[in-house]
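Engineer: sharing a sequence plus its predicted fold:
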Protein chains: 2
Amino acid sequence: MLEDKNKQRTSLAELGEFGLINHLTEHFKIYNESTSKGVGDDCAVISEKKDEIVVSTDLLIEGVHFDLSYVPLKHLGYKAIMVNLSDVYAMNATAKQVTVSIAVSNRFPLEALEELYAGIQLACDTYKVDLIGGDTTSSTTGLLISVTAIGSAAKESLAYRDGAKPTDLIVLTGDVGAAYLGLQVLEREKEVFKVNPQSQPDLEAYSYLIERQLKPEARKDIHRLLKDLEVQPTSMIDVSDGLSSELMHICTQSNTGCNLYEDKLPLDPQVVSTCEEFNIDSTMVALSGGEDYELLFTISINDFDKIKGNPNLTVIGHITDKNEGMNLVTRANQQIKLKAQGWNSFEEES
Amino acid sequence: MLEDKNKQRTSLAELGEFGLINHLTEHFKIYNESTSKGVGDDCAVISEKKDEIVVSTDLLIEGVHFDLSYVPLKHLGYKAIMVNLSDVYAMNATAKQVTVSIAVSNRFPLEALEELYAGIQLACDTYKVDLIGGDTTSSTTGLLISVTAIGSAAKESLAYRDGAKPTDLIVLTGDVGAAYLGLQVLEREKEVFKVNPQSQPDLEAYSYLIERQLKPEARKDIHRLLKDLEVQPTSMIDVSDGLSSELMHICTQSNTGCNLYEDKLPLDPQVVSTCEEFNIDSTMVALSGGEDYELLFTISINDFDKIKGNPNLTVIGHITDKNEGMNLVTRANQQIKLKAQGWNSFEEES
């Protein structure tokens, strides 16, 4: 059969705001007992009598945080949820609810928003998180997504940024640098496509990098893993702006220094080979890349045996006294000062 | 002394995202015990072991929801908080925390954001609400504000939209229509200003209308008032999109009809005189105006004596069986069908 080229495009004005929210959210399931009331009233209602509530919020803006020329809307919806759940997991807490607000210009038909919400729903279903509210409105330009994530944890298991102590080990989940390189590959393909729209890119060699950029997964598993290992992290943060700047946040807020070991940084083989191809330093990418959504945390050195050899966790350094400074120890055993090269959206503009 | 015309304009890129958030929020106070951790970690932390938690979120977008040519930034910040607190109060709950995210283009200097946050802070201080988080990023165009408000209430005092019963009385706080007319006056002055920038408008006759539009106050007092009167509302909603459409939400979700009495609608004298001047029907303005941020609720007829004569509350109709429909009873004692003419932001665009 021939493909129907006249895919239906439904304008948003036909549905109106209430119709739109209902239409987009009607198939979402509720997974958590604590969600007493979801979408449909002035407020959602949460019953959480035993644990502390944690709340985080993030904005994603077209042209600043994402480029729809290579980010599929479904992936974007998924990632918007991941970015926020990652903040909840970074408190060593369990994510339970999200609100999602979108502002969207008339150039988006209903079908585009359905794609976006399919990604949001996939994320909610996979991570057992309830969509409990939001706002849907028009924008004068592109697409904007604002997500608030809510979770809970027993008071004693919460991990803040300010609890690291000298001699604590610095631990990283997964590997870093791939999401940044994925973005570089996608940007390069976009330029190639501009010159030759017929080109068929072979992205096989970059599959892991692109997946890390387009469909990151937040580390829901770590809270459970640490509980099972009976390890309480002394501090924790998620790696969204780059490992280096996140570690500096922990040290600054904990009033400590650190030694981070270059030869311990966990890199995927695709990161190493693509850094060679692009002629960039893999350590720089690992330290400053960002968007990895891994968790960075510190543990007492007494807990080392509990985590030793766990394939999810890599010890990448240790916390020191503040006056020793924040350092990278290179493969050549030189200490150099860590630099924060985290992303500043205000600098990207011009 | 001469005024310094070279007011300092600090670019946002100079501060970066972290510096900006810290700078804008450093003078905010914490009022609520339940706020365990505010700005500065991956998440804020709330301890609320006794009561239910309510959550609401709203987006305000330049060019769609506000026009900076006549809305001062400080007022805008104040109003952004009010809009969200109003949703919390509409659950018959107490507002305790807000998160505020903003996206802003480079054309705004730091001093503009300071103005905006001065309004946010004034609202937080006046309403004893804690700013606990947010996100600050750049936008490719104008200003966008996303607020999430969090509150709490005992389970038995929460009021939803779906609890109205036939014979219940329909009660409105304050008066309606003024905010809409305030907008009309401001729009007219903007047109006059375009033609003659030297014109000095005399807005004295519209002072109440303009204040209702630019600096609305959410009805924090009603939760307390109803508690003191020992009245539990059977349903409740806030009047943001227009009285008519809000009442229809209550009836639809409660599966009832209603009779709303035209001669009971509370109108400020400035609303009446300005409607005459603009040659528009004051009932239409009262029903469809929107942005009043008053509370609309229903109570058992048995509670009538408790609220009778209270200057904050007006009985404007009663709930009926569903098959009687949703009606306006005119001054001439005719029943006409209520229409929802609430605001649809997707229609405003084009």
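Structural biologist: Here it is on my side, so go on.

Engineer: helices of the stretch 101-250 of chain A, residue ranges please.
Structural biologist: A:110-127, A:178-195, A:207-214, A:221-229, A:243-254 (DSSP state H, counting those that start in this stretch).

Engineer: now the ones you listed in CSV, with mean pLDDT, distance to B:Asn92 and mean neighbour count?
Structural biologist: To be clear about C-beta, it is placed using only N, CA and C from the backbone, and glycine gets the same treatment. Output for the helices of the stretch 101-250 of chain A, formatted as CSV (pLDDT from 0 to 100; distance: least, C-beta to C-beta, whole Å; neighbours: other C-beta atoms under 10 Å in any protein chain shown):
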stretch, mean pLDDT, distance to B:Asn92, mean neighbour count
helix A:110-127, 96, 29, 20
helix A:178-195, 91, 45, 17
helix A:207-214, 96, 44, 20
helix A:221-229, 97, 35, 16
helix A:243-254, 96, 39, 22
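
Engineer: and chain B, which of those helices is closest to it?
Structural biologist: When the helices of the stretch 101-250 of chain A are compared by C-beta to the nearest C-beta, helix A:243-254 sits nearest chain B, at 7.5 Å.

Engineer: quickly check: the closest one near chain B or not.
Structural biologist: Yes - under the criterion of C-beta under 8 Å from any C-beta of the partner chain, helix A:243-254 makes contact with chain B via A:Gln253.

Engineer: which parts of chain A are strands?
Structural biologist: Along chain A, the stretches classed as strands by DSSP state E are A:35-37, A:44-46, A:52-61, A:94-104, A:130-133, A:136-138, A:144-153, A:169-173, A:235-239, A:257-261, A:294-299, A:313-320, A:326-329, A:335-337.

Engineer: and those strands, which one's lowest on average pLDDT?
Structural biologist: When the strands of chain A are compared by mean pLDDT, strand A:136-138 comes last with a mean of 88.

Engineer: what packs against that strand?
Structural biologist: In this structure, strand A:136-138 makes packing contacts with helix A:12-25, strand A:94-104, strand B:52-61, helix B:345-348, judged by 3 or more C-beta pairs under 8 Å, 6 or more residues apart in numbering or on different chains; DSSP states H and E.

Engineer: domain parsing for chain A?
Structural biologist: A:16-156, A:169-348 (automatic domain parsing).

Engineer: return the distance of the longest one from the chain's centre.
Structural biologist: Between the mean C-alpha point of domain A:169-348 and the mean C-alpha point of its chain there is a distance of 12 Å (C-alpha atoms, centre = their mean, to the nearest Å).

Engineer: A:Leu243 and A:Ile301, how far apart?
Structural biologist: From A:Leu243 over to A:Ile301 the distance is 21 Å, taken as C-beta to C-beta, to the nearest Å.

Engineer: same thing with A:Val231?
Structural biologist: Taking C-beta to C-beta as the criterion, A:Val231 is separated from A:Ile301 by 12 Å.

Engineer: about what we covered before: out of the helices and strands packed on strand A:136-138, which gets nearest to A:Ser56?
Structural biologist: With C-beta to C-beta as the measure, strand A:94-104 is the member of the helices and strands packed on strand A:136-138 nearest A:Ser56 (9.2 Å).

Engineer: now that closest one - C-alpha only, CSV.
Structural biologist: What follows is the C-alpha trace of strand A:94-104 in CSV, where atoms were taken according to Å, rounded to 0.1, in the frame of the first residue of the first chain:
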residue,chain,number,x,y,z
THR,A,94,12.1,7.6,45.0
ALA,A,95,10.4,9.6,42.3
LYS,A,96,6.6,9.4,42.4
GLN,A,97,4.8,12.3,40.7
VAL,A,98,5.4,14.8,37.9
THR,A,99,3.6,17.8,36.6
VAL,A,100,4.2,18.7,33.0
SER,A,101,3.5,22.2,31.5
ILE,A,102,4.0,22.9,27.9
ALA,A,103,3.8,26.1,25.8
VAL,A,104,3.6,25.5,22.1
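
Engineer: excluding its backbone neighbours, what's nearest A:Thr274?
Structural biologist: Once its chain neighbours are removed from consideration, A:Thr274 has its nearest residue in A:Leu181; the separation is 5.0 Å (C-beta to C-beta, 6 or more residues apart in numbering or on different chains).

Engineer: may I see the strands of chain A organised as TSV, with distance to B:Leu226 and mean neighbour count added?
Structural biologist: Compiled in TSV, the strands of chain A are given as follows (distance: least, C-beta to C-beta, whole Å; neighbours: other C-beta atoms under 10 Å in any protein chain shown):
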stretch	distance to B:Leu226	mean neighbour count
strand A:35-37	20	20
strand A:44-46	18	24
strand A:52-61	26	26
strand A:94-104	27	26
strand A:130-133	24	26
strand A:136-138	31	24
strand A:144-153	27	28
strand A:169-173	49	24
strand A:235-239	43	26
strand A:257-261	55	20
strand A:294-299	45	27
strand A:313-320	53	21
strand A:326-329	55	20
strand A:335-337	60	10
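
Engineer: and the helices of the stretch 101-250 of chain A as JSON lines, adding distance to A:Leu12?
Structural biologist: Converted to JSON lines, those look like this (distance: least, C-beta to C-beta, whole Å):
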{"stretch": "helix A:110-127", "distance to A:Leu12": "6"}
{"stretch": "helix A:178-195", "distance to A:Leu12": "27"}
{"stretch": "helix A:207-214", "distance to A:Leu12": "25"}
{"stretch": "helix A:221-229", "distance to A:Leu12": "38"}
{"stretch": "helix A:243-254", "distance to A:Leu12": "38"}
